Structures are given as structure tokens and as C-alpha cells.
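Visitor: quick one: sequence plus predicted model below, questions after.
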Amino acid sequence: MTAAAEASEPPLPASLGALFCEFFKVSLAGFGGGVVLAHRVTVERRRWMSEAEFADALTLCQFLPGPNVVGIAVCVGTKTRGAAGALTAFFGFAVVPAAIGFALALIYLGQTGIPLVQNILRGISAAAAGLMIATGLRLMNRHRRDPRAVAVALLAFMGLAIARFPLLIVLGVMAPLSVAATLFVRKTLP
Amino acid sequence: MSAILQLTLYLALMASISFGGIPPVLPDIRHFVVVAHGWLTDQDFANFFALAQTIPGPNMILMMALVGWKVAGVTGAIAGAGATAVPPCTMYYFGYRWWDRFRGAAWQQVARASLAPLTFGLVIAGGAVMAGTVDETWVAVGISAGAAVLLLATRSNPLWLLGAAGLLGALGIV
């Protein structure tokens, strides 16, 4: 099935149960790259948001404080079911997994590390890093013919990944620059 | 002021200014709980960080639950996790509704066109930084690259890719 065909189909219903279960799964399988699975569930599987709406929510969360991926869950819940949806997605993504994780952590703190578990986690975290890069590239795909957007993404990438500037610095410098570039392009190319 | 109240207020403040996630404010939190108050040792703090990374779920919320647990038991854990999660999530909720209300406005189109590619660049960079941290062997680098290519080329379910990578890890070759 092509991406265009997927996007033209109507969204699946967003019951509170579905919101809870999907974000519970995203959270438990996220391993630091929850945005990958959140995108998969929200845009491709359930079609609760279009690609553009998801990009909007992700951008908004990036520019608000806090653990950003939790924000995606809250935004999807808000969009589909209002305050009740936001609360349900929050419980599915954050509250219940954190409670389970807390119990596991207390058990683990009583033991010393189990090598097999650590080996498995090493494999998973390597794949998770690659998936995160792929998701960013896929989101960027729509903008690939826009030299300004590509330049902004490339500079942000280099600032964070290569120069290793703090995120706050990259955001603080790049956001005004990017807005200025957008306004300039709009004025010169009507 | 009781320790639990001090911790809650401090974490709520840190969460409210944690642009780009909790990790950038971790040094401040460490200073507050280890140096200023002595509730945890440096080793506790480092252990909780590592542990939270290996347990699936929202790892920074879990880490602050563990910090709170050290300060005041289970009540402290709930306070720590709540202080970290609730203020940002309130902002996400109202932020999204506010953004939705102005859908289509001219300023919003400029903001979207400017900030979306910036966000995507940061997501790619986040993956690259993570790969740099966790990929200790060439096999691990290969797994990262392979997972990225497979997701882009085949639209396969990420969970299968993560599972396959976990299996390779279990074989002890990563």
C-alpha cells in the first residue's frame, strides 16, 4: 500500500481504550526513540493524525519544556478526545509504565546486572538509534526540494550532533534564524 | 519545609524550564539532591540514570521516581514522578489547544515552515548522538544503519526490527 493511499483512508475510531493501549505499547517499546513508534501508530496505523498534523505536534512539543515524547501522546489524546483523551494517553504512556518500571527497578536494585539482559538491551538500543534517524529522515522527506528547509535541518543536525552544542543553544540560535529565512524567502519569492 | 515538599517544588520548577527534555537539566538536579541536600550519593544518582535507561517506558520520569524514593519512600517516588510529568503535560495540553485554535493563521504558517525542519534536524541528530553513545562495536553500528535502511525502504514494523536486534544481542555478538 502506498503512503498516499494510506493517507486517504479515514482514521480509525479513537476510543479511550485504544488511546490507552496504543500509547502504553509505544511507551514500553520506545527505548528512548518513542517518536518512531508514536509516528507509526498515530499516522500510519490508526490515522488519528495526518503526517502534517503529527509534524505540528512534534514541533510544538520540541518548543515546550519537558519529556517531549510524552507530549506527543498528550497532543494526540487532545486532538482525538479532548481532555479525557489527553489524560488517558498520559496514563497509558507515562503513569502505568512508570509504575511498572519503578517496581522492576526496585527488584533490579536488589540484584547485580544480568549479562543476558544487558546484551539484549545493547542490540535493541543500537536498532532504536537507527530507527530514530530514519524517522527524522522520513519526516524531512516532504521538504526535500526546499533548499531553505534542508539547510535549516542540516545546520540543526550539525549543531547538535557534530559541534555538540547544548540543545537550548541550538534552539535559541536556529529558531530566530529560521524564521528570518522564511520571511526573507516569502518576501523575495512572492 | 519537609524534604519531600522541597524536592517536589524543585523538580516541578526544573521540569517547567526543561526545554529539549529532562537530560539538559540533570546536572542542576544532581547538584540539588546530591551536593546541596545530600539525599543521594553520586553513585546513587549515576545508578538511577543507568537503570532508567535500560527499563522500557518514560525513563526520565522513572529516574525522578527513584530519586524521590530515596528521599521519602514510595510517597517520595510518586511526588518525584508527578513533579516531573505534570507541569510539562499541562503545558502540552493547553499548548496544543492554543495551536489548534489558530490553525491556518499567517503567523502559524511562518512558524511551521521555520520550526518543522529545525525539529526534524534535531530528531535525526538525536538518533545520531544516541548511536554514538550506544554503538560500541562495528556490529552495533551495522545494526543501527540496517534498522534505519529497513525502516525507510520497507516500512516494516519497528517492533520487529527492535526484536530482531534484541535477538542478535542475546546471541552475544553485538
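Guide: In hand now; what should we look at? Numbers count the residues shown, from 1 in each chain, chains lettered A, B, ... in the order given.

Visitor: from here on, contacts and neighbour counts on C-alpha atoms
Guide: Will do.

Visitor: for the lowest-mean-pLDDT helix or strand in chain B, which outside residues touch it?
Guide: Counting by mean pLDDT, DSSP states H and E, the weakest-scoring helix or strand in chain B turns out to be helix B:42-54, with a mean of 79. By CA atoms under 8 Å, 6 or more residues apart in numbering or on different chains, the residues outside helix B:42-54 that reach it are A:31-32, A:105, A:121, B:30, B:34, B:59-60, B:62-63, B:66-67.

Visitor: got the contact list for the most centrally placed residue in chain A?
Guide: The residue lying closest to the centre of chain A (CA atoms, centre = their mean) is residue A:35, at 2.6 Å. If a contact means CA under 8 Å, 6+ apart, then residue A:35 has A:69, A:72, A:132, A:135 as its contacts.

Visitor: who wins for neighbours among the residues you listed?
Guide: Within these, residue A:72 tops the neighbour count with 34 neighbours, counted by other CA atoms under 10 Å in any protein chain shown.

Visitor: show me the shaky parts of chain B.
Guide: Across chain B, the ranges flagged by pLDDT under 70 are B:20.

Visitor: so how far is residue A:68 from the residue nearest to the centre of chain A?
Guide: With the distance defined as CA to CA, to the nearest Å, residue A:35 ends up 9 Å from residue A:68.

Visitor: of the contacts of residue A:35, closest to residue B:122?
Guide: Minimum distance to residue B:122 across those is 10.4 Å, recorded for residue A:132 (CA to CA).

Visitor: what sits up against stretch B:105-117?
Guide: A:55-56, A:59, A:140, A:143, A:149-150, A:152-153, A:175, A:178-179, A:181-183, B:102.

Visitor: in those, find the pair that's most separated.
Guide: A:150 and B:102 (26.2 Å).

Visitor: quick one: which of these two has more around it?
Guide: Using other CA under 10 Å, the more surrounded residue of residue A:150 and residue B:102 is residue A:150, with 19 against 12.

Visitor: can you pull out the helices in chain B?
Guide: B:3-16, B:26-30, B:42-54, B:59-101, B:106-134, B:138-154, B:158-170 (DSSP state H).

Visitor: dump those helices to TSV, plus distance to residue A:18 and mean neighbour count.
Guide: Formatted as TSV, these follow (distance: least, CA to CA, whole Å; neighbours: other CA atoms under 10 Å in any protein chain shown):
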stretch	distance to residue A:18	mean neighbour count
helix B:3-16	28	19
helix B:26-30	34	16
helix B:42-54	26	17
helix B:59-101	19	22
helix B:106-134	27	22
helix B:138-154	24	19
helix B:158-170	18	20
